[in-house]
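Chemist: pasting the sequence and the predicted model now:
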Amino acid sequence: MLAPEKEQIATIYETVKYLISNTSADDTILVLPEGAIINFLTDRISNNKFYYLIPPNIEIFQEEKIMKELENNLPDYLIIQPFSYNNYNETFFCESFGNKICSLIPKYYEKPLIFGKDFWLAVYKRKNK
């Protein structure tokens, strides 16, 4: 078993390797609730201004507005990561916050590829891409 930080690095590495091999340079990637490092490492942009959706930001920007922006500007790939947000009295994105945003995933995205085990990243490809 890898130490937690080594597992995170390995998972990010495998995900980045997959994205570089299976996406084009003009594909857009959005990592939620946060994870712009993936955009940097893959040299792929995020077409969405809501790339840092920690709990206070969802409250400030209003989840309904975020959903509308996402629907009007769907990224080619959506990645969900499992960081805990206990410092905001929340657990995980799509579990205790961001649920309305996450409800859009099945409508617009294929079933995910999961990278990692204890620390994982779920990579969703837009349907009909």
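Modeler: Arrived safely, thanks for sending. Residues are numbered from 1 along each chain as shown.
Chemist: where do the helices sit along the chain?
Modeler: 4-22, 36-42, 55-61, 63-72, 99-102, 105-108 (DSSP state H).
Chemist: what's the fifth one packed up against?
Modeler: Packed against helix 99-102 by the contact rule (3 or more CB pairs under 8 Å, 6 or more residues apart in numbering; DSSP states H and E) you find helix 63-72. Where you see a C-beta, it was placed from the backbone N, CA and C, and this is true even at glycine.
Chemist: now the helix it packs on, how far from the centre of its chain.
Modeler: Mean-position distance between helix 63-72 and its chain equals 15 Å (CA atoms, centre = their mean, to the nearest Å).
Chemist: output stretch 26-38 as PDB, nothing but the C-alphas.
Modeler: Provided in PDB are the C-alpha atoms of stretch 26-38 (Å, rounded to 0.1, in the frame of the first residue of the first chain):
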ATOM      1  CA  ASP A  26      -8.500  21.800 -27.800                       C
ATOM      2  CA  ASP A  27     -10.500  19.600 -25.500                       C
ATOM      3  CA  THR A  28     -11.700  21.300 -22.300                       C
ATOM      4  CA  ILE A  29     -11.300  19.700 -18.800                       C
ATOM      5  CA  LEU A  30     -13.000  20.900 -15.700                       C
ATOM      6  CA  VAL A  31     -12.000  19.400 -12.300                       C
ATOM      7  CA  LEU A  32     -14.500  19.700  -9.500                       C
ATOM      8  CA  PRO A  33     -14.600  20.900  -6.900                       C
ATOM      9  CA  GLU A  34     -11.000  22.000  -7.500                       C
ATOM     10  CA  GLY A  35      -7.900  20.700  -9.300                       C
ATOM     11  CA  ALA A  36      -6.600  23.200 -11.900                       C
ATOM     12  CA  ILE A  37      -3.200  21.400 -11.600                       C
ATOM     13  CA  ILE A  38      -4.700  18.800 -14.000                       C
END
